[in-house]
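Student: fold the following, please.
(one chain, ligands or ions: 1)
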Amino acid sequence: MQTVNPQTILKEKFGYDNFRAGQLDVINKVLAHKHALAIMPTGGGKSITYQLPAMMFDGITLVISPLISLMKDQVDGLNTTGIPATFLNSTVDGQEQAQRMSDLRHGVYKMLYVAPERLEVPSFFSFVQSLNIELIAVDEAHVLSQWGHDFRPSYLNILPLLEQIPGHHALLGLTATATERVRENLQQLLQVTDENTVLTGFARDNLALKIIHNQDKRKYVVEYLRKNSDQTGIIYAATRKQVDELTTYLNKIGIKAARYHAGLSEKERQSQQEDFLYDESPVIVATNAFGMGINKPNVRYVIHYSVPGNIEAYYQEIGRAGRDGLPAEAILLYAPQDMHLQEFFVQKSEGSEEHKQNEYDKIREMNAFANTQTCLVRYLLQYFGETVTKDCGHCSNCLDTREWVNVTVDAQKVLANVIRMNQRFGKTMVAKVLKGSNDASIRKYEFLRELPTFGLMKERTLKELTRFIDYLTAEGYLQFEGAEFPVLKVTSSGAEVLKGQKTIQKRLEKIRIVSQSMNSD
Ligand code: ADP
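Tutor: Predicted structure coming up:
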């Protein structure tokens, strides 16, 4: 191993003066040939934690990455920095492949990038076993965890293989997904101790988070893009159809936008991505298929046109804005129907019941986040297990100037009603009883119309009631239980409200009084 110190290499090879939080810590563990886990936010600088040791080791660093489409860019980037690296995947033809393998045997390269599937090819795996591997880096490691947001069960097949790679090598898992469950799962899968797990802060102070409710989304986007026409950004939509429709519309009205989703040919995806990366198109409208591994430093905004299915994906996607450290915005356009779309995706997905349950829970957590009125950054960081002492001061909740009103009595009505309904019904039914609805779903359960809480909030619209229930859930007074058709339960915090031991504040909202004959909106 080279004796130059990491700081010198950071400066000489990468051109940076200082390590970012956690980087040196990870590097030291890797240099000591440990099994380590690096959990850092998107844009936090994970790559250097294996690229730098790769420069110091005599042996080869094997990088396992699911991002085939980006391998070439990554490797080209390393080669221009003077780090001899190569990749082997299906895009490399036979002759070139043989050449690269021979060069690897002769110590020409310090780094080899491969996709996980490739290791499962026996002849290739024997080749890997014949190399002097000193570090195995597993990028985007959360795909290995069933609790992660992008679980790929087949990737678990690589774990027993890694154990069969000879030599005293380090193993480094890297991810931006930091829920405790995923972390513990990865520690177990990759055999990493707590001591060798490096978790850095998730705060991205330059990102201003905004959640916008009840807006005409398309109109909002058009106005935003016109106002920020000199900026570049990403718009995430939930489906390919949404991507196509929005892109077509934007281009029609003269706003140049690229598009990206898995339904496009490889060639078109590549060219659309390049248009965006090289600023030909200031905007790219994409599904979540876009962005993993994308390193465009000057993305000034990320707009979610539809609510993502979980907080991890949301966090990862907004992390693509402001990688250069300059101010950037992350805007979530919220509509309650978006949650149904996400539920539909889970319903149609394959996977065990346990996995689906987990996905449904994640959708509810995302919905809660979108409906909270506490500081969004605080909420997010607490979700990732960080203790936060102060509000960010620049998210849409911190900047909300509406006055706080005491809604304890209204909350007590809702909570009491949930209890009266035996905590056996979902959000819509709870809202309908409070509204005093008389539709077939209510008539099916005779006792509901007999309840003292039936029609107790009839002056509210159903929409207002479900929104208020979402609010009470977001703030932890109610919780959902169950998978596809979850029921509402009162939490211990909600019980305190019912007993008058706690009051609830909420931002003042315009309340529409509707005539009593209307029983739905
Ligand atoms: P991640 O993989 O964690 O999302 P990257 O490794 O792609 O992040 O790094 C994000 C950006 O930060 C890159 O442009 C990278 O060059 C830059 N970067 C990494 N480490 C440092 C550092 N110590 N100082 C300044 N910039 C850094």
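
Student: how many other residues sit next to A85?
Tutor: 22 (other CB atoms under 10 Å). (Glycine included, C-beta is placed from N, CA and C.)

Student: quick check: it touching V108?
Tutor: No: using CB atoms under 8 Å, A85 is not in contact with V108, being 10.2 Å away.

Student: pretty sure S130 contacts R105?
Tutor: Yes: here S130 reaches R105: they are 7.3 Å apart, a contact under CB under 8 Å.

Student: what residues are shared contacts of the two?
Tutor: Common contacts of S130 and R105 (CB atoms under 8 Å, 6 or more residues apart in numbering): none found.

Student: how far does the strand or helix carrying E365 sit from its chain's centre?
Tutor: Using DSSP states H and E, E365 sits in helix 353-371. How far helix 353-371 lies from its chain's middle: 13 Å, per CA atoms, centre = their mean, to the nearest Å.

Student: any weak-confidence spans in the stretch 251-400 of the chain?
Tutor: 293 (pLDDT under 70).

Student: in what helix or strand does the residue in it positioned nearest to the ligand lie?
Tutor: Shortest the stretch 251-400 of the chain-to-the ligand distance, computed as CB to the nearest ligand atom: residue-wise this is N295, at 4.7 Å. Using DSSP H and E, N295 maps to neither a helix nor a strand.

Student: right, and it touches L67 too?
Tutor: No: applying CB under 8 Å, one finds N295 not in contact with L67, separated by 11.2 Å.

Student: what's the first helix or strand after the lowest-mean-pLDDT helix or strand in the chain?
Tutor: In the chain, no helix or strand scores lower on mean pLDDT, DSSP states H and E than helix 68-81, which sits at a mean of 86. Next helix or strand after helix 68-81 toward the C-terminus (DSSP H and E): strand 85-88.

Student: buried stuff in the least confident helix or strand of the chain?
Tutor: Neighbour-count burial for helix 68-81, counted by 16 or more other CB atoms under 10 Å, picks out I68, S69, L70, M71, D73, Q74, V75, L78.

Student: mind putting these into a markdown table with distance to I158?
Tutor: Formatted as a markdown table, the buried residues of helix 68-81 follow (distance: CB to CB, whole Å):
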| residue | distance to I158 |
| --- | --- |
| I68 | 15 |
| S69 | 19 |
| L70 | 19 |
| M71 | 16 |
| D73 | 23 |
| Q74 | 19 |
| V75 | 20 |
| L78 | 22 |
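
Student: between these, which is nearest L381?
Tutor: When the buried residues of helix 68-81 are compared for distance to L381 (CB to CB), L70 wins out at 28.3 Å.

Student: please name the nearest non-neighbouring residue to I211.
Tutor: Distances taken as CB to CB, 6 or more residues apart in numbering put L332 closest to I211, at 4.7 Å, once the chain neighbours are dropped.

Student: ok and the strand or helix carrying the one you found relative to helix 353-371, angle-wise?
Tutor: Using DSSP H and E, the element containing L332 is strand 328-334. Following axes from the mean of the first three to the mean of the last three CA atoms, to 10 degrees, one obtains 110 degrees for the angle between strand 328-334 and helix 353-371.

Student: which residues touch stretch 264-279?
Tutor: For stretch 264-279, contacts defined as CB under 8 Å, 6+ apart pick out 69, 232, 234, 258-260, 280-281, 283-284, 290, 294, 296.

Student: report the buried members of these.
Tutor: Here, 16+ other CB under 10 Å leaves S69, T232, I234, A258, R259, Y260, S281, V283, I284, F290, I294, K296 buried among those.

Student: what residues are up against the fifth one?
Tutor: Counting by CB under 8 Å, 6+ apart, R259 makes contact with V243, D244, T247, Q272, I284, V285, A286.

Student: try it again at 10 Å.
Tutor: 235, 237, 240, 243-244, 246-248, 250-251, 268-269, 272, 275-276, 281, 283-287, 290 (CB atoms under 10 Å, 6 or more residues apart in numbering).

Student: how close does the residue nearest to Y50 when sequence neighbours are not counted sit to G167?
Tutor: Counting by CB to CB, 6+ apart, A137 is the residue found nearest to Y50 once chain neighbours are left out, at 3.9 Å. In this view, A137 and G167 are 15 Å apart by CB to CB, to the nearest Å.

Student: for L37, same thing?
Tutor: 20 Å.

Student: just the buried ones among the contacts of R259, please.
Tutor: The neighbour-count test (16+ other CB under 10 Å) marks 235, 237, 240, 243-244, 246-247, 250, 269, 272, 275-276, 281, 283-287, 290 as buried among the contacts of R259.

Student: residues from the stretch 151-300 of the chain in reach of the ligand?
Tutor: Listed as neighbours of the ligand in the stretch 151-300 of the chain under the rule CB under 6 Å from any ligand atom: N295, P297.

Student: all helices for the stretch 151-300 of the chain, in order.
Tutor: Assigned by DSSP state H, counting those that start in this stretch, the stretch 151-300 of the chain shows helices spanning 158-163, 180-190, 217-227, 240-252, 266-277.

Student: quick one: residues in contact with the shortest one.
Tutor: For helix 158-163, the external contacting residues (CB under 10 Å, 6+ apart) are 62, 64, 114-120, 125, 128-129, 133, 136, 138, 144, 169, 171, 189-191.

Student: avg pLDDT for it?
Tutor: Mean pLDDT, computed over helix 158-163, is 92.

Student: likewise the third one?
Tutor: For helix 217-227, the per-residue pLDDT values average out at 97.

Student: which residues sit against that helix?
Tutor: For helix 217-227, contacts defined as CB under 10 Å, 6+ apart pick out 212, 215-216, 231, 233, 235, 237, 242, 245-246, 249-250, 253-257, 282-283, 285, 301, 303-306, 329, 331, 333-335, 338.

Student: which residue is nearest the middle of this protein?
Tutor: A centroid search over the chain (CA atoms, centre = their mean) returns A313, at 1.6 Å, as the residue closest to the centre.

Student: which residue packs closest to that residue, ignoring adjacent ones?
Tutor: H149 (4.9 Å).

Student: now swap in C392 and tell me
Tutor: V377 (3.8 Å).

Student: tell me which element that neighbour falls in.
Tutor: Using DSSP H and E, V377 sits in helix 376-383.

Student: give me the distance between that helix and the centre of its chain.
Tutor: For helix 376-383, the distance to the chain centre is 13 Å (CA atoms, centre = their mean).

Student: just to revisit the earlier point, how close does the residue nearest to the centre of the chain get to D244?
Tutor: In this view, A313 and D244 are 21 Å apart by CB to CB.

Student: give me phi/psi at the residue in the stretch 401-521 of the chain that the ligand sits nearest to?
Tutor: The minimum distance from the stretch 401-521 of the chain to the ligand, using CB to the nearest ligand atom, falls at A474 (28.7 Å). Phi and psi for A474, reported as degrees, to the nearest 10, are phi -60, psi -40.
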